[in-house]
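A.B. asks: Got a predicted structure here, sequence first:
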Amino acid sequence: MKNFKEISLPDLSHTTLSMAYPSGQKTLPESGIVLAADVGGTKTELALFQIKKKKLVAIKSERYATTDHNSFVKAIQHFHEDKTSVIDCACLGVAGPVDGDKVRGVNFAWEIDAKKLEADLEIKKVLLINDLQANAYGLSALKASDFETISKGEKSEGNAVVISPGTGLGEAGMYWDGAYYHPYATEGGHSNFAPGNELDLELWKFLHHKFNHVSWERVISGQGINNIYDFLRNYRGEKEPGWLTEQLKGDSPSKVISSAAIEKKDSVCVETMQLFLKYLAVESSQLALKAKATSAIYIGGGIPPKILSLIDKKEFYKNFINVGRMEHLLKTIPIKVVLNDKTALMGAAYYAAMGILK
């Protein structure tokens, strides 16, 4: 299989974070086959897991560009064309607001209908959750080596949050009931971007003219990197180097910009990433305050692990705690970057396995 990496997930009683599931069960079932999916704006990852001896073991995995198929049904049919295993339950973590048994992606054109998938693909049960909710569930399977710590904070029980810049900006909460976390989805990435100084205000004006509504996703995402770069190139009045113009014609301008910043090849690219990280720190603190996330804030998504060398931890922390009277609270919150790009897939696998029990 393309991109296959063996994944073995422990029983829930041996995970690092205790999660609550709708079934109310605390351990994995004795047996079963589950399909897990991480459906994003850029890529879709599918994996088939078998429950063996209270562990989830991946037996098949594949990654596609989301645009490779014109529907999710086609993607699964291609992935599971041999139908050698009967799927007991599937969980799809999807980048979009889930409405009961349906979801339409924000950054891709598919509409996914769980009941239709059950019928078309002969799957016993299909569950839909937001991709950030899947990310939150997947945190329970991670090891210490799967994190890069920005600030240790203080060990404290309480709520946690996840913020994940990638194709878009995902945000989720994790309510702590005293024994278990209850992950829940939000669409906080689409809330209003708030300028904090004159430069931010000029950026807001630039983006307001272009998009009308300026959300945090417009500045903290792959497209956000492009937006900040376009603004700064215009605002600073610096001519774009020819080599950069050519590279930006490719499929991933944000990757070109971040790479140029890492290599310090262009001052506007460097400033672009500095602003991106500043806004990530600011919105992380806003999310932490709104959820009173005293346990931790987890920074996931496809971008942060790739730009670790650009993260000035002291500068990030300074921007994170710059909230006036609540600075003392934010100083206690651990800030961790999630390095494992399988987190959402693992969370969907757990959710599907626990769905067998309902």
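C.D. replies: Cool, the structure landed. Numbering: from 1, shown residues only.
A.B. asks: Walk me through the domains of the protein.
C.D. replies: 8-140+342-355, 189-338 (automatic domain parsing).
A.B. asks: and of those, who's closest to residue 148?
C.D. replies: domain 189-338 (4.3 Å; C-beta to C-beta). For glycine as for every other residue, the C-beta is placed from the backbone atoms N, C-alpha and C.
A.B. asks: Pull the distance from that closest one to the chain's centre.
C.D. replies: Remark: domain 189-338 is offset 15 Å from the chain centroid, using C-alpha atoms, centre = their mean, to the nearest Å.
A.B. asks: Ok, which of the domains of the chain comes nearest residue 161?
C.D. replies: domain 189-338 (4.3 Å).
A.B. asks: gap between the two ends of the closest one?
C.D. replies: Taking C-alpha to C-alpha, to the nearest Å, domain 189-338 runs 18 Å from one end to the other.
A.B. asks: With stretch 244-254 instead?
C.D. replies: For stretch 244-254, the end-to-end distance is 12 Å (C-alpha to C-alpha).
A.B. asks: Need the winner for burial among the domains of the chain.
C.D. replies: domain 8-140+342-355 (a mean of 20; mean count of other C-beta atoms under 10 Å).
A.B. asks: State the distance from the residue nearest to residue 158 when sequence neighbours are not counted to residue 153.
C.D. replies: Spatially, and ignoring its direct neighbours in sequence, residue 158 is nearest to residue 294 (3.5 Å; C-beta to C-beta, 6 or more residues apart in numbering). Taking C-beta to C-beta, to the nearest Å as the measure, residue 294 falls 9 Å from residue 153.
A.B. asks: Next, show the common contact partners of the two.
C.D. replies: Common contact partners of residue 294 and residue 153 (C-beta atoms under 8 Å, 6 or more residues apart in numbering): 332, 333.
A.B. asks: need the contact list for residue 76.
C.D. replies: By C-beta under 8 Å, 6+ apart, the neighbours of residue 76 are 35, 37, 46, 117, 121.
A.B. asks: List the contacts of the fourth one.
C.D. replies: Taking C-beta under 8 Å, 6+ apart, we find residue 117 in contact with 72, 73, 76, 90, 123, 126.
A.B. asks: Select from those every entry located in strands.
C.D. replies: Under the assignment DSSP state E, those contribute 90, 126 to strands.
A.B. asks: tell me which of the contacts of residue 117 is nearest to residue 270?
C.D. replies: Nearest to residue 270, judged by C-beta to C-beta, of these is residue 72 at 39.2 Å.
A.B. asks: circling back: weakest of the domains of the chain by average pLDDT?
C.D. replies: Lowest mean pLDDT within the domains of the chain: domain 8-140+342-355, at a mean of 87.
A.B. asks: now do the same end-to-end measure for it.
C.D. replies: Across domain 8-140+342-355, first to last residue, C-alpha to C-alpha, it's 18 Å.
A.B. asks: before we move on, what about stretch 152-167?
C.D. replies: Chord length of stretch 152-167, first to last residue, is 28 Å (C-alpha to C-alpha).
A.B. asks: Please identify which of the domains of the chain is closest to residue 178.
C.D. replies: Going by C-beta to C-beta, the one of the domains of the chain nearest residue 178 is domain 8-140+342-355, 10.5 Å.
A.B. asks: what about that closest one, distance to the chain center?
C.D. replies: Counting by C-alpha atoms, centre = their mean, domain 8-140+342-355 comes out at 15 Å from the chain centroid.
A.B. asks: Okay, and residue 157 sits in which element?
C.D. replies: Following DSSP states H and E, there is no helix or strand that holds residue 157.
A.B. asks: my read: it touches residue 296, true?
C.D. replies: No: Residue 157 lies out of contact with residue 296 (C-beta atoms under 8 Å); the separation is 10.6 Å.
A.B. asks: show me where the stretch 1-150 of the chain has strands.
C.D. replies: 8-9, 33-39, 43-52, 55-65, 89-94, 98-99, 102-104, 111-113, 126-130, 147-151 (DSSP state E, counting those that start in this stretch).
A.B. asks: Just send these back as JSON lines, with distance to residue 220 too.
C.D. replies: Shown next, in JSON lines, are the strands of the stretch 1-150 of the chain (distance: least, C-beta to C-beta, whole Å):
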{"stretch": "strand 8-9", "distance to residue 220": "30"}
{"stretch": "strand 33-39", "distance to residue 220": "20"}
{"stretch": "strand 43-52", "distance to residue 220": "19"}
{"stretch": "strand 55-65", "distance to residue 220": "23"}
{"stretch": "strand 89-94", "distance to residue 220": "20"}
{"stretch": "strand 98-99", "distance to residue 220": "22"}
{"stretch": "strand 102-104", "distance to residue 220": "22"}
{"stretch": "strand 111-113", "distance to residue 220": "25"}
{"stretch": "strand 126-130", "distance to residue 220": "17"}
{"stretch": "strand 147-151", "distance to residue 220": "16"}
